[in-house]
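> all I have is the shape, not the residue letters:
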């Protein structure tokens, strides 16, 4: 039921494992890209699942639009960035589209039968508790407890080593998984941001998997399932992901990134660069609020993207700035993987500096405004 690359630590049989940075390659980057695309699967094997994922997603969004009372709505308040109620059901569409094709395509890189089954179970548990939170509200401690349990269960399947070293690695992976799940949730507050990060992020992971000649279709299907959502999430947003979409998506982004890293599909710097824009905004904001003694789990309007909207950039201007950083980071990461993997950490440092400059500029103008 869960086709995939063996035991979760190797790619498909007959496909060489890739390490970064590696020795001098015999073929050029362009030739390797062509071969990866040509040998991934027959065109129909790729097109049909991708088209189906997008179609199912679009159908769910059409149903939500046709039956407005079906989905929970984000009602504007003093902490909101929008003026009218917006349905919080975009995640329903994304996950429906991806799950419709998942049984028919290989698992993402680094996942085998057991680990992929645990991943699906974790995503289902996160979806259910987050959906309940969208409708009625669930105390933060219970949501966090479910997230930690899911993260530990998945991390344990990705790190088979026993002993103190294995336990520390499991704890570290679980921390990343929980952090990414919440970071994505924090960033689903401005038009287009969550949709753009989903399409760009999982599309970049899929492209990197193709470069490594590892299974890419599952990651690409998730990006295609998010395309109809992105179309309706662009300014002015007609739907948001909701917690049922954003929390499992952040978890999935971290899970795919970590599993691919452990399997040798890409180095650690690559997913960090691809998802840097979300991680930096959420991480820095969380650290600042914690340092001030604020309740970090409560809603607020102090994220950098929120303040950029309020400073006059609006949703369109904010999406342009953040979208440029997302696309630039993904493109730089893929270029480094294809031509010079050793340059990847330098690309990551450059984009960290770019984000820092953006944040410093927002802080400066926010103080001037006050």
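Right, received. Where do you want to start? Since the structure is predicted, the reported quantities are computational estimates derived from the model, not experimental observations.
> go ahead and flag the most central residue of this structure.
Computing the C-alpha centroid of the chain and ranking residues by C-alpha atoms, centre = their mean puts residue 253 first, at 3.7 Å.
> now the helix or strand containing that one, how far from the chain's geometric center?
Here residue 253 sits within helix 243-262, counting by DSSP states H and E. Using C-alpha atoms, centre = their mean, to the nearest Å, the mean C-alpha position of helix 243-262 is found 6 Å from that of the whole chain.
> quick check: mean pLDDT across that helix?
Here helix 243-262 scores 97 as its mean pLDDT.
> one more: stretch 169-189?
Mean predicted confidence for stretch 169-189 is 93.
> check what pLDDT the closest residue to residue 104 other than its chain neighbours gets.
Leaving aside its sequence neighbours, residue 104 sits nearest to residue 49 (C-beta to C-beta, 6 or more residues apart in numbering; 6.2 Å). The way it works is simple: take the backbone N, C-alpha and C, and place the C-beta from them, glycine included. At residue 49, the model reports a pLDDT of 94.
> how much space between residue 49 and residue 240?
Distance, residue 49 to residue 240, using C-beta to C-beta, to the nearest Å: 26 Å.
> wait, residue 328 sits on residue 351?
Yes - using C-beta atoms under 8 Å, residue 328 is in contact with residue 351, at 7.0 Å.
> of those two, who's got more company?
Between residue 328 and residue 351, residue 351 has the larger neighbour count (other C-beta atoms under 10 Å), namely 21 against 17.
> need the phi and psi values for that one.
Backbone torsions for residue 351, taken as degrees, to the nearest 10, come to phi -80, psi -30.
> how about the residue nearest to it when sequence neighbours are not counted, secondary structure?
Nearest-residue entry for residue 351: residue 329, 5.0 Å, with adjacent residues in sequence omitted and distances by C-beta to C-beta, 6+ apart. Following DSSP: H, G, I helix; E, B strand; the rest coil, we place residue 329 in the helix state.
> nearest residue to residue 152 other than its sequence neighbours?
Residue 152's closest residue in space is residue 174 (C-beta to C-beta, 6+ apart), at 4.9 Å.
> next up, the contacts around the one you found.
Neighbouring residues of residue 174 by C-beta atoms under 8 Å, 6 or more residues apart in numbering: 148, 151-152, 154-155.
> and if we set it to 7 Å?
Applying C-beta atoms under 7 Å, 6 or more residues apart in numbering to residue 174 gives the contacts 148, 151-152, 155.
> is it correct that residue 50 is in contact with residue 221?
Yes - between residue 50 and residue 221 there is a contact under C-beta atoms under 7 Å: 5.9 Å.
> more crowded one of the two?
residue 221 (28 against 20).
> got a list of what the more buried one touches?
Contacts of residue 221 (C-beta under 7 Å, 6+ apart): 49-50, 53, 98, 101, 105.
> nice, that's everything, thank you.
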